[in-house]
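Enquirer: Sequence unavailable; structure follows:
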Ligand code: DI6
Ligand code: FE
(Lines give C-alpha, C1' and ligand atoms only; values in the text may rest on other atoms or scores of the structure.)
(Ligands and ions follow the chains in the order given, each with its own letter.)
Protein backbone atom coordinates (compact mmCIF):
# COMPACT_ATOMS: atom_id res chain seq x y z
CA UNK A 1 0.00 0.00 0.00
CA UNK A 2 1.29 3.48 -0.77
CA UNK A 3 1.92 6.03 1.91
CA UNK A 4 -1.13 8.31 1.70
CA UNK A 5 -0.73 12.03 2.38
CA UNK A 6 -2.51 13.84 5.21
CA UNK A 7 -5.84 15.29 4.04
CA UNK A 8 -5.21 18.73 2.65
CA UNK A 9 -1.50 18.20 2.13
CA UNK A 10 -0.32 18.04 -1.45
CA UNK A 11 1.29 14.65 -1.92
CA UNK A 12 4.79 14.72 -3.31
CA UNK A 13 4.99 13.73 -6.97
CA UNK A 14 1.23 13.39 -7.32
CA UNK A 15 -0.45 13.46 -10.76
CA UNK A 16 -4.19 13.79 -11.19
CA UNK A 17 -5.69 12.11 -14.26
CA UNK A 18 -9.10 13.64 -14.86
CA UNK A 19 -12.22 12.64 -16.74
CA UNK A 20 -11.58 9.04 -17.58
CA UNK A 21 -14.02 6.18 -17.90
CA UNK A 22 -12.54 3.05 -16.38
CA UNK A 23 -13.88 -0.16 -17.88
CA UNK A 24 -14.72 -2.27 -14.81
CA UNK A 25 -13.82 -5.99 -14.63
CA UNK A 26 -16.66 -8.05 -16.06
CA UNK A 27 -18.00 -5.07 -18.07
CA UNK A 28 -20.95 -6.21 -20.18
CA UNK A 29 -22.71 -3.15 -21.52
CA UNK A 30 -23.72 0.37 -20.65
CA UNK A 31 -22.01 3.66 -20.05
CA UNK A 32 -18.95 3.76 -17.85
CA UNK A 33 -19.08 6.67 -15.34
CA UNK A 34 -16.58 9.53 -15.41
CA UNK A 35 -13.91 9.44 -12.74
CA UNK A 36 -10.60 10.94 -11.70
CA UNK A 37 -7.52 9.00 -10.67
CA UNK A 38 -4.59 10.27 -8.60
CA UNK A 39 -1.17 8.70 -8.90
CA UNK A 40 1.48 9.06 -6.27
CA UNK A 41 4.84 7.59 -7.18
CA UNK A 42 4.26 4.27 -8.89
CA UNK A 43 0.80 3.60 -7.53
CA UNK A 44 -2.81 4.70 -7.54
CA UNK A 45 -3.38 6.88 -4.48
CA UNK A 46 -7.01 7.88 -5.05
CA UNK A 47 -9.81 6.90 -7.41
CA UNK A 48 -13.35 8.26 -7.43
CA UNK A 49 -16.04 10.28 -9.13
CA UNK A 50 -14.84 13.08 -11.41
CA UNK A 51 -14.27 16.33 -9.57
CA UNK A 52 -14.42 14.70 -6.14
CA UNK A 53 -10.72 14.22 -5.41
CA UNK A 54 -9.78 15.60 -1.98
CA UNK A 55 -7.97 18.92 -2.05
CA UNK A 56 -4.68 17.17 -1.34
CA UNK A 57 -4.86 15.46 -4.71
CA UNK A 58 -5.52 18.61 -6.72
CA UNK A 59 -1.87 18.39 -7.66
CA UNK A 60 0.12 20.77 -9.79
CA UNK A 61 0.22 18.25 -12.61
CA UNK A 62 -3.15 17.37 -14.11
CA UNK A 63 -4.01 15.52 -17.32
CA UNK A 64 -7.55 15.81 -18.67
CA UNK A 65 -8.43 12.70 -20.67
CA UNK A 66 -11.69 14.20 -21.89
CA UNK A 67 -13.89 11.20 -21.08
CA UNK A 68 -11.68 8.60 -22.79
CA UNK A 69 -12.14 4.91 -21.97
CA UNK A 70 -9.37 3.49 -19.81
CA UNK A 71 -8.44 -0.11 -19.04
CA UNK A 72 -5.69 -1.51 -16.88
CA UNK A 73 -2.49 -1.74 -18.92
CA UNK A 74 -2.75 -4.90 -21.00
CA UNK A 75 -0.64 -7.87 -19.94
CA UNK A 76 0.69 -10.46 -22.39
CA UNK A 77 1.27 -13.31 -19.94
CA UNK A 78 2.69 -15.99 -22.30
CA UNK A 79 5.23 -15.16 -24.99
CA UNK A 80 8.34 -16.56 -26.61
CA UNK A 81 9.19 -13.03 -27.76
CA UNK A 82 12.96 -13.61 -27.93
CA UNK A 83 13.91 -15.97 -30.75
CA UNK A 84 16.15 -16.06 -33.81
CA UNK A 85 14.78 -16.18 -37.35
CA UNK A 86 11.32 -17.14 -38.57
CA UNK A 87 9.64 -20.29 -39.91
CA UNK A 88 7.51 -19.17 -42.84
CA UNK A 89 8.81 -22.17 -44.80
CA UNK A 90 7.20 -24.54 -42.29
CA UNK A 91 3.98 -22.61 -42.57
CA UNK A 92 4.04 -23.35 -46.28
CA UNK A 93 4.77 -27.04 -45.61
CA UNK A 94 1.83 -27.28 -43.24
CA UNK A 95 -0.44 -25.65 -45.80
CA UNK A 96 0.68 -28.38 -48.20
CA UNK A 97 -0.45 -31.04 -45.71
CA UNK A 98 2.41 -31.71 -43.24
CA UNK A 99 1.40 -31.64 -39.57
CA UNK A 100 3.17 -29.64 -36.85
CA UNK A 101 4.22 -32.92 -35.23
CA UNK A 102 5.53 -34.33 -38.56
CA UNK A 103 7.72 -31.28 -39.03
CA UNK A 104 8.99 -31.46 -35.43
CA UNK A 105 9.87 -35.15 -35.79
CA UNK A 106 11.80 -34.41 -38.99
CA UNK A 107 14.13 -31.98 -37.25
CA UNK A 108 12.16 -28.82 -38.00
CA UNK A 109 9.86 -27.11 -35.59
CA UNK A 110 11.23 -25.79 -32.33
CA UNK A 111 14.67 -27.21 -33.07
CA UNK A 112 15.01 -25.12 -36.25
CA UNK A 113 14.43 -22.00 -34.15
CA UNK A 114 17.02 -23.33 -31.70
CA UNK A 115 19.60 -23.37 -34.49
CA UNK A 116 18.74 -19.78 -35.45
CA UNK A 117 18.74 -18.59 -31.84
CA UNK A 118 22.08 -20.21 -31.05
CA UNK A 119 23.60 -18.61 -34.17
CA UNK A 120 22.32 -15.09 -33.43
CA UNK A 121 24.34 -12.75 -31.21
CA UNK A 122 22.74 -11.08 -28.22
CA UNK A 123 22.32 -7.69 -29.90
CA UNK A 124 20.63 -9.19 -32.94
CA UNK A 125 18.18 -11.09 -30.75
CA UNK A 126 17.57 -7.93 -28.76
CA UNK A 127 16.88 -5.75 -31.82
CA UNK A 128 14.52 -8.31 -33.34
CA UNK A 129 12.58 -8.79 -30.10
CA UNK A 130 12.44 -5.03 -29.51
CA UNK A 131 10.37 -4.57 -32.69
CA UNK A 132 7.88 -7.16 -31.50
CA UNK A 133 7.78 -5.60 -28.05
CA UNK A 134 7.12 -2.15 -29.53
CA UNK A 135 4.24 -3.55 -31.58
CA UNK A 136 2.68 -4.88 -28.38
CA UNK A 137 3.31 -1.64 -26.48
CA UNK A 138 1.52 0.31 -29.22
CA UNK A 139 -1.57 -1.67 -28.24
CA UNK A 140 -1.50 -0.69 -24.58
CA UNK A 141 0.64 -3.58 -23.28
CA UNK A 142 2.48 -2.50 -20.13
CA UNK A 143 3.63 -5.92 -18.89
CA UNK A 144 4.84 -9.06 -20.61
CA UNK A 145 6.10 -12.51 -19.76
CA UNK A 146 9.03 -13.72 -21.87
CA UNK A 147 10.19 -17.34 -21.96
CA UNK A 148 13.53 -18.84 -22.87
CA UNK A 149 13.47 -22.23 -24.58
CA UNK A 150 15.09 -21.73 -27.98
CA UNK A 151 18.58 -22.19 -26.60
CA UNK A 152 18.43 -25.57 -24.91
CA UNK A 153 22.01 -25.13 -23.72
CA UNK A 154 23.19 -23.03 -20.82
CA UNK A 155 24.83 -20.25 -22.84
CA UNK A 156 21.95 -19.71 -25.23
CA UNK A 157 19.25 -19.92 -22.55
CA UNK A 158 21.26 -17.32 -20.62
CA UNK A 159 21.54 -15.16 -23.75
CA UNK A 160 17.74 -15.27 -24.23
CA UNK A 161 16.97 -14.41 -20.62
CA UNK A 162 19.51 -11.59 -20.62
CA UNK A 163 17.83 -10.17 -23.71
CA UNK A 164 14.46 -10.41 -21.93
CA UNK A 165 15.84 -8.47 -18.96
CA UNK A 166 17.43 -5.88 -21.28
CA UNK A 167 14.08 -5.36 -23.02
CA UNK A 168 12.59 -4.42 -19.66
CA UNK A 169 15.37 -1.88 -19.15
CA UNK A 170 15.20 -0.44 -22.68
CA UNK A 171 11.46 0.16 -22.58
CA UNK A 172 8.99 1.19 -19.86
CA UNK A 173 7.41 -2.23 -19.65
CA UNK A 174 7.30 -4.79 -16.84
CA UNK A 175 9.06 -7.98 -17.94
CA UNK A 176 8.64 -11.29 -16.12
CA UNK A 177 11.05 -13.99 -17.29
CA UNK A 178 10.32 -17.70 -17.48
CA UNK A 179 12.96 -20.40 -17.89
CA UNK A 180 11.66 -22.95 -20.42
CA UNK A 181 14.76 -25.11 -20.79
CA UNK A 182 12.43 -28.10 -21.12
CA UNK A 183 10.84 -26.86 -24.33
CA UNK A 184 12.25 -29.49 -26.71
CA UNK A 185 15.03 -32.04 -26.81
CA UNK A 186 18.18 -30.52 -28.34
CA UNK A 187 19.63 -32.63 -31.18
CA UNK A 188 22.81 -33.41 -29.20
CA UNK A 189 20.63 -35.21 -26.62
CA UNK A 190 18.65 -37.30 -29.14
CA UNK A 191 17.47 -40.48 -27.42
CA UNK A 192 18.63 -39.17 -24.02
CA UNK A 193 15.72 -37.07 -22.81
CA UNK A 194 16.26 -38.00 -19.17
CA UNK A 195 19.88 -36.89 -19.35
CA UNK A 196 18.73 -33.58 -20.80
CA UNK A 197 16.25 -33.15 -17.96
CA UNK A 198 19.18 -33.75 -15.57
CA UNK A 199 21.01 -30.89 -17.27
CA UNK A 200 17.96 -28.63 -17.07
CA UNK A 201 17.38 -29.37 -13.37
CA UNK A 202 20.93 -29.68 -12.06
CA UNK A 203 22.94 -27.27 -14.19
CA UNK A 204 20.91 -24.77 -16.18
CA UNK A 205 18.20 -23.90 -13.66
CA UNK A 206 20.53 -23.38 -10.67
CA UNK A 207 23.00 -21.31 -12.71
CA UNK A 208 20.39 -19.06 -14.32
CA UNK A 209 18.48 -18.65 -11.08
CA UNK A 210 21.69 -17.71 -9.25
CA UNK A 211 22.25 -15.04 -11.91
CA UNK A 212 18.82 -13.56 -11.16
CA UNK A 213 17.48 -14.33 -14.61
CA UNK A 214 14.54 -16.56 -13.67
CA UNK A 215 11.18 -15.41 -12.32
CA UNK A 216 9.31 -18.66 -13.08
CA UNK A 217 9.85 -22.07 -14.67
CA UNK A 218 7.81 -23.68 -17.45
CA UNK A 219 7.88 -27.06 -19.23
CA UNK A 220 6.35 -28.33 -22.48
CA UNK A 221 4.50 -31.46 -21.36
CA UNK A 222 3.49 -33.14 -24.62
CA UNK A 223 4.07 -36.16 -26.85
CA UNK A 224 6.60 -34.12 -28.86
CA UNK A 225 7.84 -32.42 -25.68
CA UNK A 226 8.44 -34.04 -22.30
CA UNK A 227 6.62 -36.84 -20.46
CA UNK A 228 4.70 -36.39 -17.24
CA UNK A 229 7.56 -37.90 -15.23
CA UNK A 230 10.14 -35.65 -16.89
CA UNK A 231 7.91 -32.61 -16.46
CA UNK A 232 7.48 -33.44 -12.79
CA UNK A 233 11.23 -33.46 -12.26
CA UNK A 234 11.42 -29.92 -13.63
CA UNK A 235 8.59 -28.79 -11.36
CA UNK A 236 10.34 -30.39 -8.38
CA UNK A 237 13.65 -28.71 -9.15
CA UNK A 238 11.93 -25.33 -9.51
CA UNK A 239 9.81 -25.58 -6.38
CA UNK A 240 12.85 -26.72 -4.37
CA UNK A 241 14.36 -23.36 -5.26
CA UNK A 242 11.17 -21.55 -4.33
CA UNK A 243 10.43 -20.57 -7.93
CA UNK A 244 6.91 -20.25 -9.33
CA UNK A 245 5.98 -22.84 -11.95
CA UNK A 246 3.68 -23.08 -14.95
CA UNK A 247 3.15 -25.58 -17.73
CA UNK A 248 2.39 -25.92 -21.45
CA UNK A 249 -0.27 -28.60 -21.02
CA UNK A 250 -2.87 -30.52 -23.04
CA UNK A 251 -2.14 -28.56 -26.24
CA UNK A 252 -2.01 -31.40 -28.77
CA UNK A 253 -3.15 -34.31 -26.59
CA UNK A 254 -4.50 -35.04 -23.12
CA UNK A 255 -1.55 -36.07 -20.93
CA UNK A 256 -2.67 -34.95 -17.48
CA UNK A 257 -0.15 -32.12 -17.32
CA UNK A 258 -2.63 -29.63 -15.91
CA UNK A 259 -3.45 -31.89 -12.95
CA UNK A 260 0.27 -32.49 -12.38
CA UNK A 261 0.94 -28.75 -12.44
CA UNK A 262 -1.89 -28.30 -9.92
CA UNK A 263 -0.11 -30.67 -7.50
CA UNK A 264 2.84 -28.27 -7.56
CA UNK A 265 0.71 -25.17 -7.01
CA UNK A 266 1.46 -23.83 -10.48
CA UNK A 267 0.40 -20.32 -11.40
CA UNK A 268 -1.11 -21.48 -14.67
CA UNK A 269 -1.50 -24.21 -17.22
CA UNK A 270 -1.38 -22.91 -20.77
CA UNK A 271 -2.98 -23.93 -24.13
CA UNK A 272 -5.36 -26.59 -22.68
CA UNK A 273 -7.20 -27.50 -25.91
CA UNK A 274 -7.56 -31.10 -24.61
CA UNK A 275 -8.14 -30.34 -20.90
CA UNK A 276 -10.63 -32.72 -19.25
CA UNK A 277 -12.95 -32.42 -16.27
CA UNK A 278 -10.44 -33.83 -13.76
CA UNK A 279 -7.80 -31.38 -14.97
CA UNK A 280 -10.14 -28.39 -14.73
CA UNK A 281 -11.21 -29.42 -11.24
CA UNK A 282 -7.59 -29.79 -10.11
CA UNK A 283 -6.77 -26.36 -11.55
CA UNK A 284 -9.66 -24.78 -9.68
CA UNK A 285 -8.63 -26.38 -6.39
CA UNK A 286 -5.06 -25.18 -6.83
CA UNK A 287 -6.24 -21.65 -7.66
CA UNK A 288 -4.60 -21.80 -11.09
CA UNK A 289 -5.27 -19.68 -14.16
CA UNK A 290 -6.07 -21.22 -17.56
CA UNK A 291 -4.01 -19.33 -20.14
CA UNK A 292 -5.59 -19.77 -23.58
CA UNK A 293 -3.66 -18.99 -26.74
CA UNK A 294 -6.02 -18.45 -29.65
CA UNK A 295 -3.18 -17.44 -31.99
CA UNK A 296 -1.63 -20.92 -31.78
CA UNK A 297 -5.02 -22.58 -32.14
CA UNK A 298 -5.70 -20.49 -35.25
CA UNK A 299 -2.26 -20.73 -36.82
CA UNK A 300 -2.11 -24.53 -36.45
CA UNK A 301 -5.60 -24.67 -37.94
CA UNK A 302 -6.58 -26.64 -34.86
CA UNK A 303 -10.21 -27.69 -34.58
CA UNK A 304 -10.27 -28.83 -30.95
CA UNK A 305 -11.55 -25.77 -29.10
CA UNK A 306 -10.37 -25.46 -25.47
CA UNK A 307 -13.21 -26.40 -23.10
CA UNK A 308 -14.45 -22.91 -22.22
CA UNK A 309 -17.72 -24.15 -20.76
CA UNK A 310 -15.85 -26.56 -18.47
CA UNK A 311 -13.57 -23.77 -17.26
CA UNK A 312 -16.58 -21.54 -16.62
CA UNK A 313 -18.42 -24.29 -14.76
CA UNK A 314 -15.45 -24.92 -12.47
CA UNK A 315 -14.77 -21.21 -12.06
CA UNK A 316 -11.21 -21.39 -13.41
CA UNK A 317 -10.10 -17.84 -14.34
CA UNK A 318 -9.18 -17.56 -18.02
CA UNK A 319 -6.28 -15.45 -19.31
CA UNK A 320 -5.39 -14.81 -22.95
CA UNK A 321 -1.97 -14.23 -24.47
CA UNK A 322 -0.25 -14.03 -27.85
CA UNK A 323 2.12 -17.02 -27.36
CA UNK A 324 4.25 -14.91 -29.74
CA UNK A 325 6.62 -17.49 -31.25
CA UNK A 326 8.01 -18.30 -34.71
CA UNK A 327 6.39 -21.74 -35.05
CA UNK A 328 2.79 -21.68 -33.92
CA UNK A 329 1.82 -18.08 -33.27
CA UNK A 330 3.82 -15.37 -35.07
CA UNK A 331 1.50 -12.85 -33.45
CA UNK A 332 2.40 -9.43 -32.11
CA UNK A 333 -1.16 -8.21 -31.53
CA UNK A 334 -2.80 -8.94 -28.19
CA UNK A 335 -5.97 -7.17 -29.37
CA UNK A 336 -6.24 -9.62 -32.26
CA UNK A 337 -6.14 -12.41 -29.65
CA UNK A 338 -9.19 -10.83 -28.01
CA UNK A 339 -10.99 -10.94 -31.32
CA UNK A 340 -9.99 -14.57 -31.90
CA UNK A 341 -10.96 -15.63 -28.38
CA UNK A 342 -14.42 -14.21 -28.99
CA UNK A 343 -14.90 -15.51 -32.54
CA UNK A 344 -13.10 -18.87 -32.29
CA UNK A 345 -13.64 -19.78 -28.61
CA UNK A 346 -16.98 -17.99 -28.12
CA UNK A 347 -15.71 -16.07 -25.14
CA UNK A 348 -17.55 -12.89 -24.21
CA UNK A 349 -15.93 -9.49 -24.61
CA UNK A 350 -15.89 -9.16 -20.81
CA UNK A 351 -14.11 -12.49 -20.42
CA UNK A 352 -11.60 -11.51 -23.10
CA UNK A 353 -10.85 -8.16 -21.44
CA UNK A 354 -10.41 -9.76 -18.04
CA UNK A 355 -8.19 -12.31 -19.79
CA UNK A 356 -5.59 -9.69 -20.73
CA UNK A 357 -5.84 -7.68 -17.51
CA UNK A 358 -6.72 -9.11 -14.09
CA UNK A 359 -6.49 -12.80 -14.96
CA UNK A 360 -3.28 -12.28 -16.93
CA UNK A 361 -1.83 -10.65 -13.80
CA UNK A 362 -2.94 -13.66 -11.75
CA UNK A 363 -1.13 -15.92 -14.23
CA UNK A 364 2.05 -13.98 -13.38
CA UNK A 365 1.44 -14.33 -9.66
CA UNK A 366 0.57 -10.60 -9.47
CA UNK A 367 4.25 -9.84 -8.93
CA UNK A 368 4.83 -6.28 -10.11
CA UNK A 369 1.49 -6.28 -11.91
CA UNK A 370 -2.12 -6.22 -10.86
CA UNK A 371 -4.31 -5.89 -13.94
CA UNK A 372 -6.77 -3.99 -11.75
CA UNK A 373 -7.22 -0.27 -11.18
CA UNK A 374 -7.68 0.33 -7.45
CA UNK A 375 -6.03 2.33 -4.70
CA UNK A 376 -2.67 0.86 -3.77
CA UNK A 377 -2.26 -0.98 -7.07
CA UNK A 378 0.39 -0.11 -9.67
CA UNK A 379 -0.66 2.85 -11.84
CA UNK A 380 -0.59 0.87 -15.09
CA UNK A 381 -3.32 1.83 -17.53
CA UNK A 382 -4.13 2.29 -21.19
CA UNK A 383 -6.18 5.13 -22.69
CA UNK A 384 -8.27 4.25 -25.74
CA UNK A 385 -9.75 6.26 -28.60
CA UNK A 386 -12.91 4.17 -28.81
CA UNK A 387 -16.57 4.66 -27.95
CA UNK A 388 -17.34 1.19 -26.57
CA UNK A 389 -15.13 -1.28 -24.68
CA UNK A 390 -16.34 -3.96 -27.11
CA UNK A 391 -14.26 -2.24 -29.79
CA UNK A 392 -11.16 -3.66 -28.13
CA UNK A 393 -12.23 -7.12 -29.30
CA UNK A 394 -13.96 -5.94 -32.47
CA UNK A 395 -11.35 -4.27 -34.65
CA UNK A 396 -8.88 -6.47 -36.50
CA UNK A 397 -5.94 -4.11 -36.87
CA UNK A 398 -5.65 -0.34 -36.40
CA UNK A 399 -4.77 -0.17 -32.72
CA UNK A 400 -6.77 2.53 -30.97
CA UNK A 401 -4.47 3.05 -28.02
CA UNK A 402 -3.93 6.78 -27.39
CA UNK A 403 -1.40 6.28 -24.64
CA UNK A 404 -0.34 4.03 -21.83
CA UNK A 405 0.90 4.75 -18.35
CA UNK A 406 3.08 2.33 -16.48
CA UNK A 407 4.03 2.76 -12.83
CA UNK A 408 2.65 6.27 -12.98
CA UNK A 409 4.66 7.51 -15.98
CA UNK A 410 3.65 7.78 -19.60
CA UNK A 411 4.98 4.65 -21.30
CA UNK A 412 3.59 5.01 -24.81
CA UNK A 413 1.95 7.78 -26.80
CA UNK A 414 0.38 7.36 -30.18
CA UNK A 415 1.64 9.64 -32.94
CA UNK A 416 -1.50 9.11 -35.06
N1 LIG B 1 3.84 -24.69 -27.61
C2 LIG B 1 3.76 -23.78 -28.55
O3 LIG B 1 2.77 -23.45 -29.12
C4 LIG B 1 5.07 -23.21 -28.77
N5 LIG B 1 5.84 -23.87 -27.80
C6 LIG B 1 5.11 -24.75 -27.17
O7 LIG B 1 5.54 -25.45 -26.28
C8 LIG B 1 5.56 -23.51 -30.14
C9 LIG B 1 6.99 -23.28 -30.29
C10 LIG B 1 7.49 -23.46 -31.69
O11 LIG B 1 6.93 -24.18 -32.53
O12 LIG B 1 8.54 -22.83 -31.98
FE1 FE C 1 3.99 -21.22 -25.71
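Expert: Yes, it's here. Keep in mind that what you see is a predicted model, and the values were worked out from it rather than measured. Numbering: from 1, shown residues only. Ligands and ions are numbered 1, 2, ... in the order given.
Enquirer: Only C-alpha atoms from now on, for both contacts and neighbour counts.
Expert: Fine.
Enquirer: so the closest residue to residue 223 other than its chain neighbours, which of the three states?
Expert: Spatial nearest neighbour of residue 223, chain neighbours left out: residue 253 (7.5 Å); criterion: CA to CA, 6 or more residues apart in numbering. Three-state call for residue 253 (DSSP: H, G, I helix; E, B strand; the rest coil): coil.
Enquirer: what does residue 151 give?
Expert: Classified using three-state DSSP, residue 151 is coil.
Enquirer: from what I can see residue 332 touches residue 322, true?
Expert: Yes - contact criterion CA atoms under 8 Å: residue 332 and residue 322 qualify, at 6.8 Å.
Enquirer: which residues sit in contact with the residue nearest to residue 223?
Expert: The contact partners of residue 253, by CA atoms under 8 Å, 6 or more residues apart in numbering, come to 222, 223, 273, 274.
Enquirer: How about the contacts made by the residue of the stretch 51-200 of the chain found nearest ligand 1?
Expert: Nearest to ligand 1 in the stretch 51-200 of the chain, going by CA to the nearest ligand atom, is residue 110, at a distance of 4.0 Å. Listed by CA under 8 Å, 6+ apart, the contact set of residue 110 reads 104, 150, 184, 327.
Enquirer: run the last query once more with 7 Å
Expert: Shown in contact with residue 110 (CA atoms under 7 Å, 6 or more residues apart in numbering): 104, 184, 327.
Enquirer: Run a quick neighbour tally on residue 146.
Expert: 28 (other CA atoms under 10 Å).
Enquirer: my read: it touches residue 176, true?
Expert: Yes - counting by CA atoms under 7 Å, residue 146 touches residue 176, with 6.3 Å between them.
Enquirer: beta partners of whichever residue of the stretch 151-300 of the chain sits closest to ligand 1?
Expert: At 4.8 Å from ligand 1, residue 220 is the closest residue in the stretch 151-300 of the chain, using CA to the nearest ligand atom. Under DSSP bridges, the beta-bridge partners of residue 220 are residue 248.
Enquirer: So it sits against residue 246, correct?
Expert: No - using CA under 7 Å, residue 220 is not in contact with residue 246, being 9.6 Å away.
Enquirer: what's the overlap in contacts for these two?
Expert: Contacts common to residue 220 and residue 246, judged by CA under 7 Å, 6+ apart, are absent.
Enquirer: Listing partners with orientation, what would you give for the longest strand belonging to the chain?
Expert: In the chain, with assignment by DSSP state E, the single longest strand is strand 61-72. When pairing is defined by DSSP bridges, strand 61-72 lines up against strand 14-22 (parallel), strand 381-384 (antiparallel).
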